[in-house]
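J.: This is the structure alone, sequence omitted:
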C-alpha cells in the first residue's frame, strides 16, 4: 500500500553551502521551545562550531535541544567538544558509537539529516554539518534540503523522539497526524530495515515502473540493487526518458570506479548520464514526470536500502517539481559533462573494464555481505 500524501504544507528548496547554513542558524536562533537535531556527520570545524554555537545559544535561553549524531560519521568529535555542548544543557547522544556488541551490528547507521524546530518547521535533506558542505574552504559539495512547514512536521518530531529514546511505541502513531486542506502535498518516507521500514526503496522501484515520460535522478553513490537496475533498464527500453546525474569527482575513489562500470549497460538502453564537475556531488534527488520530487538522505545502494536509517521528503506539486526539473536541466547543461556512448567506448579500454569490474564487485559484494550479516544478527535480538 502506498503511503498517502498530506496536504497543507509550505515547501522551500534549500541548496548546500552558505544558503543552507545561514538558514539553519537563523532557524535555530528563532526557536523558542524545542529543537530535535539528528545527523550523520557533525565535524569540529568552522561549520560545526558555527552550528554548535547556535545550538548553545538556544540552550542558554531555555530551548530544549535534543542532539543525536551517528557514532561512525561523527566519531572524531572530542570529549571536550561534547562537554561544551552539554554544559549549556544540550542533551547530546551518539547513535551506536563503536565499539559495540559485535562487528555485524556496526552496519546500522543514523544516516538521515533532520532538524525539527518548535513543532512548526523541519529541515530535511542530505547535507551534513561540515566544511565540505559549506562554502568555506572551497565550493560546497552539491546537495539539497527541503524546509517544510505543515502537518508532517509533527511526524518528523515523533520519528526523532522514537529514535533518540529507542522507544518506538511510546509516542503517537504517525497516522494520527491530521491533514489540512490547501497548500502543497507532502509525505515523509523512511528506510530502516531493522524496523521493517522500506518506504523509500519501494518508492524508487514504483516510480521507475510507473513513470510516464521522464525521470531525473541525482545520485552520489549509485550502486543500485540488481532488482532496481533491472527495473531502470526496463523503463529505458520502453522509451522513458531517464537522466542520471552522477559525481565526476568522488570522495570515494573505489565507488567512482564501481559506478563507472555501470555506464555501458545504461548507455546502451539510452539512459543519459551526466557527470557533475563543479565540486563533489552528494545529493540524493528524484524528479518524476515533473510532477513529484523526492529529496533526502537515501542513496541508491545496499547500505541505504538494507542498513541505514534514512529519511526523504516526497513533494507532490506540479509547480515545485517543474521548477526543480528546470533547475536540474540547467545544472546538466552548465555544470556537467554528458557521457556519450561513442566517447565512452573509445576510452573504456580493456584495462579500465577490468579495474571498474573489480571495483564494482568489491563494492556491491561488501555491501551485500554487510547487509546479510546484519540481517542475520538482528533476527537473534
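T.: Now that the structure is in, tell me what you want to look at. Note that the structure is a prediction, hence the values are computed from the model and not measured.
J.: so residue 314 makes contact with residue 2?
T.: No: counting by Cβ atoms under 8 Å, residue 2 is not a contact partner of residue 314; they are 10.4 Å apart. From N, CA and C alone the C-beta is placed, and that goes for glycine too.
J.: residues touching the nearest residue to residue 279 once chain neighbours are set aside, list them.
T.: Distances taken as Cβ to Cβ, 6 or more residues apart in numbering place residue 139 nearest to residue 279, at 4.3 Å, with adjacent residues excluded. Residue 139 makes contacts with 17, 278-279, as judged by Cβ atoms under 8 Å, 6 or more residues apart in numbering.
J.: at 10 Å what do you get?
T.: 16-17, 132, 278-280 (Cβ atoms under 10 Å, 6 or more residues apart in numbering).
J.: Between residue 314 and residue 2, tell me which one has more neighbours.
T.: residue 314 (24 against 9; other Cβ atoms under 10 Å).
J.: So what does the residue nearest to residue 279 look like in phi/psi?
T.: phi -60, psi 130 (degrees, to the nearest 10).
J.: rewinding a little: list the residues that contact both of residue 314 and residue 2?
T.: 187, 199, 203.
J.: Confirm the last one sits in a helix?
T.: Yes: membership of residue 203 in a helix is supported by DSSP: H, G, I helix; E, B strand; the rest coil.
J.: Average pLDDT for the helix or strand harbouring residue 295, rounded please.
T.: Here residue 295, judged by DSSP states H and E, is contained in strand 292-296. In this model, strand 292-296 has a mean pLDDT of 98.
J.: Thought residue 141 was touching residue 251, still the case?
T.: Yes: the criterion here is Cβ atoms under 10 Å, and residue 251 meets it with residue 141 at 8.2 Å.
J.: Look at the two and report which has more neighbours.
T.: More crowded of residue 251 and residue 141, by other Cβ under 10 Å: residue 141, with 26 against 14.
J.: The more buried one reaches residue 41, doesn't it?
T.: No: counting by Cβ under 10 Å, residue 141 sits too far from residue 41 to count as a contact (11.2 Å).
J.: Name the residues contacting each of the two.
T.: Common neighbours of residue 141 and residue 41 (Cβ under 10 Å, 6+ apart) are 127-128, 130, 132-133.
J.: Make CSV out of the residues you listed and add secondary structure, pLDDT and distance to residue 148.
T.: Shown next, in CSV, are those (DSSP: H, G, I helix; E, B strand; the rest coil; pLDDT from 0 to 100; distance: Cβ to Cβ, whole Å):
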residue, secondary structure, pLDDT, distance to residue 148
127, coil, 98, 15
128, coil, 98, 19
130, coil, 98, 23
132, helix, 96, 25
133, helix, 98, 20
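J.: just to revisit the earlier point, between residue 251 and residue 141, which contacts overlap?
T.: 132, 220, 280-282.
J.: out of the shared contacts of residue 141 and residue 41, who's nearest residue 244?
T.: residue 127 (20.8 Å; Cβ to Cβ).
J.: where does that closest one fall, phi/psi-wise?
T.: Torsion angles, degrees, to the nearest 10, at residue 127: phi -90, psi 120.
J.: Likewise for residue 90?
T.: According to degrees, to the nearest 10, residue 90 has phi -70, psi 130.
J.: Likewise for residue 34?
T.: Main-chain dihedrals, residue 34, degrees, to the nearest 10: phi -150, psi 150.
J.: wait, it sits on residue 121?
T.: No: between residue 34 and residue 121 there is no contact under Cβ under 10 Å: 11.8 Å.
J.: More neighbours: which of the two?
T.: residue 121 (19 against 15).
J.: what's the pLDDT at the residue nearest to residue 279?
T.: Reading off the model, residue 139 has pLDDT 94.
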